[in-house]
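Q: would you be able to build a 3D model of this:
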Amino acid sequence: MPINQAPHLTSSLEPATPIAHSQIKIATFNLFNYLEPPNAFYDFERIYSAPQWLKKQNWLKSYLKEYQPDVIGFQEVFSVESLEELVNEQGYQYFQVVDQPKIEGDFIYSKPVVAIASLYPIVEIESVSADSELAVAMGLKNDFKFSRKVLRATVDIPHLGLSDCYVVHFKSKRSMIDVIPDKELSVESNYAEQLKSQIAGGWGSSIQRGSEAALLLVAMLTRREQKSFPMILMGDFNTCLTDGVINHLLTISTSALRSNKKENIDYQYCLKDSWDLYLESTHSDDSIDEKSKVWRTPTHYYGGKGSVLDYILLSCEFDASYQNSLFELESYHTYDRHLINPSFELDGESTDHGIILVTLNLRN
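A: Numbering: from 1, shown residues only. All right, here's what the predicted structure looks like:
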């Protein structure tokens, strides 16, 4: 080393080179009747005009440009090709669906589908099937089907590797039974018939929705056992996660596992609500009661009452309390400007749901 030349210490004082793709953004997005004109959704009168469709397209583009999620789960997709073209223009090279909407009379669309868009390679795509033997054991038919096909995309996410992303749109609360008023019956009799159909049909929808959640979780755990890939479940659940009909998505009993002293195995097969992970990271010193008081923004409003219907659930690879986790949740954001303070010029053809976006950072 030449005289008077300092040892090579300055390089240690220089800023470290940022790690590429150290932040991941995941979003779930109900598009609300995404159908290009002149096609109609549900009946022949429900067609967007050209200006309305342009406004809806621009609104979607604006959100993607502002928030730039890396992986997006979409619901209520009718125009698959149109959505693929739009997201491709925004830089999402990878886009997949596992189903097509139903079309009657060449232009009336029903039964919208789910989709996924990603900046990272989608290496495998599949429609999730229900376990027929378990369905029968649950008192269901052996040909049980999800009300909307569930999409599983295996995405090659930086630092995580192959990860299974599930996009869902569970059965709505709308009654499964429709009764047409009978002109020969009295008003009171018609009301009684309608009431009975709502009670029975509403419970039928709950059975379907709860069964979908249970059989999906079984399929996810089977896949997890086989592949050990990280899991991301996102979508419109059409009810609150605390609803007893679907809360088993988070409440897997691990007593048998613990009794066998399988260290950390319970983490491997559990999902956590990203909101709970957010609270754990930002309110770690708060008590459970204090955490419960933190306001969670609704994603949907009906009759003036707000509720959270849209969720992103994550496996232990994203849980900072798990010692082997790779990412931790930095932020949880609900985009709802169009719901609480809409501008007709901007939001007139947006969506009736809030958009959930979670930001995950690579752990040191």
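Q: Thr351 - how many residues pack around it?
A: Using other CB atoms under 10 Å as the criterion, Thr351 is surrounded by 23 other residues. (Glycine included, C-beta is placed from N, CA and C.)
Q: just to be sure, it is in a strand?
A: No - under DSSP: H, G, I helix; E, B strand; the rest coil, Thr351 sits outside any strand and is assigned coil.
Q: which residue packs closest to it, ignoring adjacent ones?
A: For Thr351, ignoring the flanking residues on the chain, the nearest one in space by CB to CB, 6 or more residues apart in numbering is Phe32 at 3.9 Å.
Q: what distance do you get for His300 to Phe344?
A: Distance of His300 to Phe344, computed by CB to CB, to the nearest Å: 20 Å.
Q: then Asn190?
A: Asn190 is 38 Å from Phe344, where distance means CB to CB.
Q: try Met234
A: Noted for Met234: a distance of 29 Å to Phe344, by CB to CB.
Q: one more: Leu215?
A: Taken as CB to CB, the spacing of Leu215 relative to Phe344 amounts to 42 Å.
Q: quick one: which of these two has more around it?
A: Relative neighbour count places Leu215 above the other of Leu215 and Phe344, with 22 against 8, counting by other CB under 10 Å.
Q: leaving out chain neighbours, which residue sits closest to the more buried one?
A: Closest residue to Leu215 in three dimensions, ignoring its sequence neighbours and counting by CB to CB, 6+ apart: Ala130, at 4.2 Å.
Q: and that neighbour, what does it touch?
A: With contacts defined as CB atoms under 8 Å, 6 or more residues apart in numbering, the neighbours of Ala130 are Phe144, Lys145, Phe146, Leu215, Leu216, Ala219.
Q: again, but for Gln268
A: The neighbourhood of Gln268, defined by CB under 8 Å, 6+ apart, consists of Arg224, Ser228, Ser315, Cys316.
Q: do Phe74 as well
A: Counting by CB under 8 Å, 6+ apart, Phe74 has contacts Phe29, Asn30, Leu31, Tyr34, Leu83, Val114, Ala115, Ile116, Ala117, Val167.
Q: what's the local residue count around the residue nearest to Thr351?
A: When neighbours are defined as other CB under 10 Å, Phe32 has 15 of them.
Q: can you name every helix or strand that the helix or strand encompassing it contacts?
A: Phe32 belongs to strand 23-34 when elements are defined using DSSP states H and E. Helices and strands in packing contact with strand 23-34 are listed as helix 50-67, strand 71-77, helix 80-89, strand 231-236, strand 310-314, strand 355-362; criterion 3 or more CB pairs under 8 Å, 6 or more residues apart in numbering; DSSP states H and E.
Q: need the residues that contact the longest one.
A: Among residues not part of helix 50-67, those counted as contacts by CB under 8 Å, 6+ apart are 25, 27, 29, 31, 34, 36-37, 48, 72, 86-87, 89-90, 333, 335, 338, 346-350, 355, 357.
Q: how distant is that helix from the center of its chain?
A: If you compare the mean C-alpha spot of helix 50-67 with that of the full chain, they lie 20 Å apart, counting by CA atoms, centre = their mean, to the nearest Å.
Q: same check, this time on the last one
A: Strand 355-362 has its C-alpha centroid displaced from the chain centroid by 12 Å (CA atoms, centre = their mean).
Q: begin at 853 from here
A: That works, and once the first residue is 853, the last one we named lands at strand 1207-1214.
Q: give the buried residues for stretch 891-904.
A: Of the residues in stretch 891-904, those with enough neighbours to count as buried (16 or more other CB atoms under 10 Å) are Asn891, Ala892, Phe893, Ile899, Tyr900.
Q: relative to Arg1215, which of those residues is nearest.
A: Sorting these by how near they are to Arg1215, with CB to CB, puts Phe893 at the top with 43.7 Å.
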